[in-house]
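> coordinates for the following, if possible.
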Amino acid sequence: MAQEPDTKMADAPATSAVQVLPEGDGEQGTRRTRRLLAIILVVLIILLLAACGTLWSLLRPGAGAQGGNVKGIEWIRSVYGFGIQPSQLMHPTSVAVAPDGQSFWVSDASNFRLIEYNMNGSFRRLVTKSAEGKGFQYPSRVTVAPDGWVYVAQQTYNTVLVFDPGFHLKQTLQVELPMSVTANSTMFVVGSRGGFAAFKRDGTLIGQVGRWGNGPDDFDVVSGVVLDSNNNVYVVDTYNNRLSKYDAKGDRVWVVNTGQPGNSGIRGGAEIPQKDLVAKFPANMQVPMGVTLDANNRILVIDMFDYSVAAFSQSNGKFLGKWGEYGVQDGFFSNPSDISYNRQQDVFVESEAALGRVQIFRLQGSSNSGLRSLLSRYSDILNACWIPLLIIILLIAAYIISRILMRRRRNAGKDVVELES
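Now for the predicted structure:
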């Protein structure tokens, strides 16, 4: 017999297995919290950007002063302060950029000390004697090796002092009239009156080149030497007015006459028209002094009495250009004695002993990479602002993560599965 269907189940009202809960006061509170966090985040970002802007206005090139307008030279800042206070300069004879590019050293010869400044011109450190208590005796030239070791030439006392990064005196070398000094990761070179000498980093003599005189192979005061990464030596022969390149074996690669020899007589120079003089000596330098290398494979030589910086090719010594004018205002040169290049920031530092001044500037064509030049140009600003920028990035990341977590919790709370009894 057929059975009647059970209508109890059929007549029961249908119920949904999934129920969406309505939004309540908790959801509204969550929204208010999100709005408050967003407002706080925006305010913090604005404040941090304002702080970065303030730092930019203080550190940007030429901030707070009016620099000179010399073609090819972009003046950035100057360090003054004639006196004997820790941060002041009396007779800055030489400059050397620190390996990290964040500071530079100045040999203040008349005050018998070294001073380290930040690249923004602020005072960092004063060194008047080594960790062993031995003081300087007219430090005329200074250079810093890539590992932070410091080499100080004391021309008047015929010595070169070698310090580790903690300024412990490691060596005292006897060198007759040390006029210049340079160092790389494997060796250091000292220029003197009649040539130059190369040493291993432990002080072992590698060899000597030259003698005093005005012959083709002679030298008359080597005021500038600089090493490249291949141990080639670029030598400025001041009074013979020559620039030479020597390889790691001590053999001369090339030599160029940078101007009329200053110690070999006029030789009719007074009667030579300026046009012919420039044709014979394209750089037409007077008393070349300090030398450095830039990021575009150029040799830069600064001239004390021509008040200029001249550029030459590292490969063949070809004259590439010259910039500078005499003046005591910022951006001009007044008897400059030394020059150093900051590869990290693409800037030059030069010392003017007679004026008690150090200047930081850029030269056209010093870097062949547009992106690298741009990053170098603003590296001091980025270094000063990296903490606020990092905070901004972290705040934005925290806000995004919090939004994701809130959304997940909200979605998890909306979908509730009800089981029928």
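> report the distance from stretch 134-150 to the chain centre.
18 Å (Cα atoms, centre = their mean, to the nearest Å).
> same question, stretch 240-255
Relative to its parent chain, stretch 240-255 has a centroid offset of 27 Å by Cα atoms, centre = their mean.
> His168 reaches Lys129, doesn't it?
No: His168 is beyond contact range of Lys129, at 11.3 Å (criterion: Cβ atoms under 8 Å). Bear in mind the C-beta positions are built from the backbone N, C-alpha and C, glycine included.
> so between those two, which is more surrounded?
Lys129 (14 against 11; other Cβ atoms under 10 Å).
> let me know the pLDDT of the closest residue to the more buried one other than its chain neighbours.
Leaving out its chain neighbours, the residue that sits closest to Lys129 by Cβ to Cβ, 6 or more residues apart in numbering is Gly135, at 4.1 Å. On the pLDDT scale, Gly135 is placed at 90.
> count of neighbours near Gly135?
11.
> so it touches Asn111, yeah?
No: using Cβ under 8 Å, Gly135 is not in contact with Asn111; the gap is 11.1 Å.
> so how far is stretch 332-347 off the chain centroid?
On Cα atoms, centre = their mean, the centre of stretch 332-347 falls 10 Å from that of its chain.
> which of the residues in that stretch are buried?
Residues 332-347 are the ones in stretch 332-347 that count as buried (16 or more other Cβ atoms under 10 Å).
> quick one: the helices in the stretch 201-350 of the chain?
Ranges of helices within the stretch 201-350 of the chain are 274-280, based on DSSP state H, counting those that start in this stretch.
> any low-confidence regions in it?
Applying pLDDT under 70 to the stretch 201-350 of the chain picks out residues 263-272.
> and if we set it to 80?
Across the stretch 201-350 of the chain, the ranges flagged by pLDDT under 80 are 262-278.
> ok, back up a step: show me which of the buried residues of stretch 332-347 is closest to Phe319.
Ile339 (16.9 Å; Cβ to Cβ).
> who touches the closest residue to Lys71 other than its chain neighbours in this structure?
Excluding its sequence neighbours, the residue lying closest to Lys71 (Cβ to Cβ, 6+ apart) is Trp323, at 6.8 Å. Residues near Trp323 by Cβ atoms under 8 Å, 6 or more residues apart in numbering: 70-73, 308-309, 363-364.
> from Phe361, how far out is Trp323?
9 Å (Cβ to Cβ, to the nearest Å).
> now list whatever residues contact both of the two.
Ile73.
> neighbours of Lys245, just the number please.
Neighbour tally, Lys245, other Cβ under 10 Å: 22.
> was I right to think it contacts Val236?
No: judged on Cβ under 8 Å, Lys245 makes no contact with Val236 at a distance of 11.2 Å.
> now what about stretch 277-284, what contacts it?
Here stretch 277-284 has contacts from 241, 256-260, 269, 272, 301, 306, 310, 312, 319, 322, using Cβ under 8 Å, 6+ apart.
> format those as JSON lines; extra columns: neighbour count and distance to Ile393.
Output for the contacts of stretch 277-284, formatted as JSON lines (neighbours: other Cβ atoms under 10 Å; distance: Cβ to Cβ, whole Å):
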{"residue": "Asn241", "neighbour count": "25", "distance to Ile393": "54"}
{"residue": "Val256", "neighbour count": "19", "distance to Ile393": "51"}
{"residue": "Asn257", "neighbour count": "17", "distance to Ile393": "56"}
{"residue": "Thr258", "neighbour count": "27", "distance to Ile393": "50"}
{"residue": "Gly259", "neighbour count": "23", "distance to Ile393": "54"}
{"residue": "Gln260", "neighbour count": "19", "distance to Ile393": "59"}
{"residue": "Gly269", "neighbour count": "11", "distance to Ile393": "63"}
{"residue": "Ile272", "neighbour count": "16", "distance to Ile393": "64"}
{"residue": "Val301", "neighbour count": "26", "distance to Ile393": "44"}
{"residue": "Asp306", "neighbour count": "24", "distance to Ile393": "49"}
{"residue": "Ala310", "neighbour count": "26", "distance to Ile393": "45"}
{"residue": "Phe312", "neighbour count": "25", "distance to Ile393": "44"}
{"residue": "Phe319", "neighbour count": "17", "distance to Ile393": "48"}
{"residue": "Lys322", "neighbour count": "18", "distance to Ile393": "45"}
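> quick revisit: tabulate the contacts of Trp323 (TSV), appending neighbour count.
Below are the contacts of Trp323 laid out as TSV (neighbours: other Cβ atoms under 10 Å):
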residue	neighbour count
Val70	18
Lys71	8
Gly72	16
Ile73	23
Ser308	24
Val309	24
Leu363	22
Gln364	12
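> of these, which belong to strands?
Members of these lying in strands (criterion: DSSP state E): 73, 308-309, 363.
> and the two most separated of these?
Ser308 and Leu363 (10.9 Å).
> nearest to Phe196, of the contacts of Trp323?
Closest to Phe196, out of all of the contacts of Trp323 and judged by Cβ to Cβ, is Val309, at 21.8 Å.
> and the gap between the closest one and Asn240?
In terms of Cβ to Cβ, Val309 sits 20 Å off from Asn240.
> swap in Ala183?
For Ala183 relative to Asn240 (Cβ to Cβ), the value is 25 Å.
> helix/strand/coil for Ile393?
helix (DSSP: H, G, I helix; E, B strand; the rest coil).
> my error: substitute Ala412 in the last question.
Classified using three-state DSSP, Ala412 is helix.
> so what's it scoring on pLDDT?
For Ala412, the model assigns a pLDDT of 70.
> how many residues are close by it?
Neighbour tally, Ala412, other Cβ under 10 Å: 9.
> can you give me the strands in the stretch 151-300 of the chain?
Applying DSSP state E, counting those that start in this stretch to the stretch 151-300 of the chain gives strands spanning 159-163, 169-174, 180-183, 187-192, 195-200, 205-209, 222-227, 233-237, 242-246, 252-257, 288-293, 298-303.
> just the stretch 1-150 of the chain next, same as before
Under DSSP E, counting those that start in this stretch, the stretch 1-150 of the chain gives strands at 18-20, 73-79, 92-97, 103-108, 113-118, 123-127, 141-144, 150-154.
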